[in-house]
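J.: I'll drop the sequence and a predicted model, then ask my questions.
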Amino acid sequence: MQKKKILIASYSAGSGHVSAAKGLETYLNKFPGKYITEHVNLNDHLSLIMRILHINLYNFMVQKIPEFYGNMYETLDNPKRTSRFMSIFWLIKRISTSKFLKYLRSVNPDLVICTHYLSAEITRNISRRFQFQLPIFLVITDYGFHNFWGVEHLQHYFVPTSKMKDILEEQYKLRGKVTTSGIPINPVFHEEKENEMLRNKHEIHREEKVVLVLSGGEGHSRSDRIVENLIKLEEKFTIITIAGKNKKLLNKLKNLTPPPYIRIIPIGWTDVIDEYMRIADIIITKSGGLATSESLALGKHILITPPVRGQETINAEFMLEHGYGHIVHNMHDFVFFIRKQLHSPEGRYKYAATPGAEIIREKIDEFFLKRVTDITDEKVSNAVYGMACKSHTGER
């Protein structure tokens with residue numbers, strides 16, 4: 001079979017959608033004889049007004065007015081309201097996507113896999129408007145379904161849970177077009193790594209207790225406040241805190257002065273986040289879809305910072321429902337759960353699941369094989385029909 005060109009389209013409304021796309025790209029690149037894979041962040045191909053209206057507004061609401069964001073998230077989780085909301089952006093989307101249209105034409109992919117509903121919506125609209133006939137897969141990257149993700153007329157949908165599969169099949173009439181895959185993450189999280197070797201690499205003693213504080217890829221969460229509260233505890237442990245791309249946050253963390261029995265290791269951007277998660281006794285993080293999925297892959301219980309109403313709340317509820325984490329609402333919760341984990345740690349659990357990227361790859365192969373079979377059947381059918389017509393008219 002000829003190599004298939006696969007475009008993975010993400011969007012920077014939160015870092016998880018981009019991380020899922022990169023994880024899927026990394027996995028598919030392990031099969032260079034089958035696929036030519038390219039990842040595109042839709043943010044790089046939209047107009048300034050579209051970026052301001054969507055990404056900047058999203059970040060502002062989540063960080064500055066989370067209650068308003070939560071109200072809007074819940075209000076718009078309705079087909080009619082979603083349709084009205086999307087129609088407001090129809091003209092803006094239409095004039096904002098000319099650059100992405102040129103990009104699509106230059107790449108000319110055989111398949112587009114989207115990790116955000118907006119990248120799927122825009123790709124579908126371009127495909128229909130200009131008659132590209134692009135097959136589109138949509139990968140949902142949170143553990144709860146919102147009506148925004150109900151982009152119609154796509155070839156296939158990948159969801160994290162069987163519950164979400166039932167919703168799409170029953171309420172959206174998508175039976176046969178939905179696969180429970182989990183959320184694709186970097187394949188490195190599914191590799192085996194020796195804990196003692198990692199502790200030596202990062203200069204962590206064998207008996208040293210480690211609390212890992214994550215801030216997300218962009219470093220938006222106020223992890224400095226968490227660390228400020230942690231160093232007030234009269235317990236001996238090491239705090240590794242990841243600031244991501246936020247240099248201002250990193251400097252704040254470096255300037256903190258812990259008591260002599262607590263060590264702080266501030267880290268900026270890192271491409272070995274799995275190693276820090278593996279050596280951690282306690283992980284404190286917000287409940288993004290990717291952070292929870294990475295913790296699941298490693299069998300790590302997490303302490304979840306107060307979630308923003310919306311997808312974070314749904315992800316946190318999923319972790320609590322299955323016993324994979326606890327929400328810490330205040331300092332009293334922090335003290336209780338950290339002391340409990342330091343002295344009576346919950347053991348690792350086995351989250352039995354095939355890596356999401358592997359399931360998606362299998363469906364990609366199945367999709368292309370079916371297309372080849374359908375084309376072959378059509379050619380045979382046309383040939384038989386042609387022979388029958390000639391026979392009927394007496395032609396030889």
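T.: Right, received. Where do you want to start? Being a predicted model, the structure only gives us computed values, none of them experimental. Numbering: from 1, shown residues only.

J.: my guess is I239 contacts P259. True?
T.: No: with contact defined as Cβ atoms under 8 Å, I239 does not reach P259; the gap is 11.6 Å. All C-beta spots, glycine's among them, are computed from the backbone N, C-alpha and C.

J.: of those two, which one has the most company?
T.: I239 (24 against 11; other Cβ atoms under 10 Å).

J.: avg pLDDT for the one helix or strand the more buried one maps to?
T.: Assigned by DSSP states H and E, I239 belongs to strand 237-242. Rounded to a whole number, the mean pLDDT of strand 237-242 is 96.

J.: swap in stretch 130-142?
T.: Average pLDDT, stretch 130-142: 91.

J.: swap in stretch 194-203?
T.: The average of the pLDDT scores along stretch 194-203 is 96.

J.: any buried residues in that stretch, and which?
T.: Judged by neighbour count using 16 or more other Cβ atoms under 10 Å, the buried positions of stretch 194-203 are 198-199, 202.

J.: which ones among those map onto helices?
T.: Secondary structure assignment by DSSP state H places 198-199 of the buried residues of stretch 194-203 in helices.

J.: ok so, going back, touching the strand holding I239 from outside, list them.
T.: Applying Cβ atoms under 8 Å, 6 or more residues apart in numbering, the external contacts of strand 237-242 come out as 202, 204, 208-215, 219, 223, 226-227, 230-231, 253, 258, 262-268, 270, 273, 276, 280-281, 342.

J.: OK, contacts around the closest residue to L298 other than its chain neighbours?
T.: Distances taken as Cβ to Cβ, 6 or more residues apart in numbering place M277 nearest to L298, at 5.7 Å, with adjacent residues excluded. Residues touching M277, when contacts are defined by Cβ under 8 Å, 6+ apart, comprise 212, 283, 294-295, 298, 300.

J.: quick check, nearest of those residues to G356?
T.: Sorting the contacts of M277 by distance to G356 puts E294 at the head of the list, at 11.5 Å, by Cβ to Cβ.

J.: host element of that closest one?
T.: Per DSSP H and E: E294 is located in helix 289-298.

J.: check I359 too.
T.: helix 356-393.

J.: state the mean pLDDT of that helix.
T.: Along helix 356-393, the predicted confidence averages to a pLDDT of 67.

J.: again, but for stretch 330-338
T.: Across stretch 330-338, the per-residue pLDDT values average to 87.

J.: what lies in contact with it?
T.: Taking Cβ under 8 Å, 6+ apart as the rule, stretch 330-338 contacts 211, 226, 229-230, 233, 235, 282, 303, 326-328.
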